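>>> Can you look at this prediction? I've put the sequence above it.
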Amino acid sequence: MIDGRATLVSRIKKYWRKKREVRYTFMLVPRGSGVTKSINIPFFIIVLFFLLFAANIYFLVRYPLRLSEIDNLDRKVYQLNDVIARNDNDLKLIDPSIKKTEEFEAIVAQHSEIIKQIEALHRSILDKKAGKF
């Protein structure tokens, strides 16, 4: 396994050395009479060019997708704000009823306390009469 990995690494290094020495020539040929010009371009510059080109294509595709995602989220925020506004309006209509219910609940609690006190008093009175007979 280690020998296989070592041979793979040596193959990659050999391939890279070979490619590093490769140069491409870019030639400019005039239409009419004139001097032909050529430029030697190293391999790593060609690779760098294609990597930058691929990154450029990636961002060209990604940008409209991000815009559509932002637009969808904006629509969702608008819809949720509309729901919140409707719920606030409903709450304004219901709020007085809720306050009245709370007031009646407090009154009922007071009345139940008074009833408990009266029942306790009534029981104590009955207990006192029961002892006299």
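In hand now; what should we look at? Residues are numbered from 1 along each chain as shown.

>>> can I get the CA coordinates of stretch 84-96 in CSV?
The C-alpha trace of stretch 84-96 is given here as CSV (Å, rounded to 0.1, in the frame of the first residue of the first chain):
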residue,chain,number,x,y,z
ILE,A,84,-48.9,40.3,11.6
ALA,A,85,-50.9,43.4,10.7
ARG,A,86,-54.2,41.4,10.4
ASN,A,87,-53.5,39.6,13.8
ASP,A,88,-52.8,43.0,15.4
ASN,A,89,-56.2,44.3,14.1
ASP,A,90,-57.9,41.2,15.4
LEU,A,91,-56.2,41.6,18.7
LYS,A,92,-57.4,45.2,19.0
LEU,A,93,-61.0,44.0,18.4
ILE,A,94,-60.7,41.2,20.9
ASP,A,95,-58.7,43.0,23.6
PRO,A,96,-61.7,44.7,25.3
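
>>> Quick one: mean pLDDT for that stretch?
For stretch 84-96, mean pLDDT is 90.

>>> before we move on, what about stretch 50-58?
pLDDT averaged over stretch 50-58 gives 95.

>>> mind listing what's buried in that stretch?
Within stretch 50-58, no residue is scored as buried using 16 or more other CB atoms under 10 Å. Using the backbone N, CA and C atoms, a C-beta is placed for each residue, glycine as well.

>>> Check what contacts it and list those residues.
The contact list for stretch 50-58 (CB atoms under 8 Å, 6 or more residues apart in numbering) is empty.

>>> again with stretch 6-19
Contacts of stretch 6-19 with the rest of the structure, by CB under 8 Å, 6+ apart, involve residue 43.

>>> Please state the offset of that stretch from the chain centre?
44 Å (CA atoms, centre = their mean, to the nearest Å).

>>> now do stretch 90-97
On CA atoms, centre = their mean, the centre of stretch 90-97 falls 34 Å from the chain's centre.

>>> just stretch 117-133 next, same as before
Counting by CA atoms, centre = their mean, stretch 117-133 comes out at 70 Å from the chain centroid.

>>> Could you shift the numbering so residue one becomes 867, and keep it that way?
New numbering, starting at 867: the last item is stretch 983-999.

>>> Report the mean per-residue pLDDT for that stretch.
79.

>>> Tell me where the protein has strands.
Counting by DSSP state E, the chain has these strands, from start to end: 889-894, 903-908.
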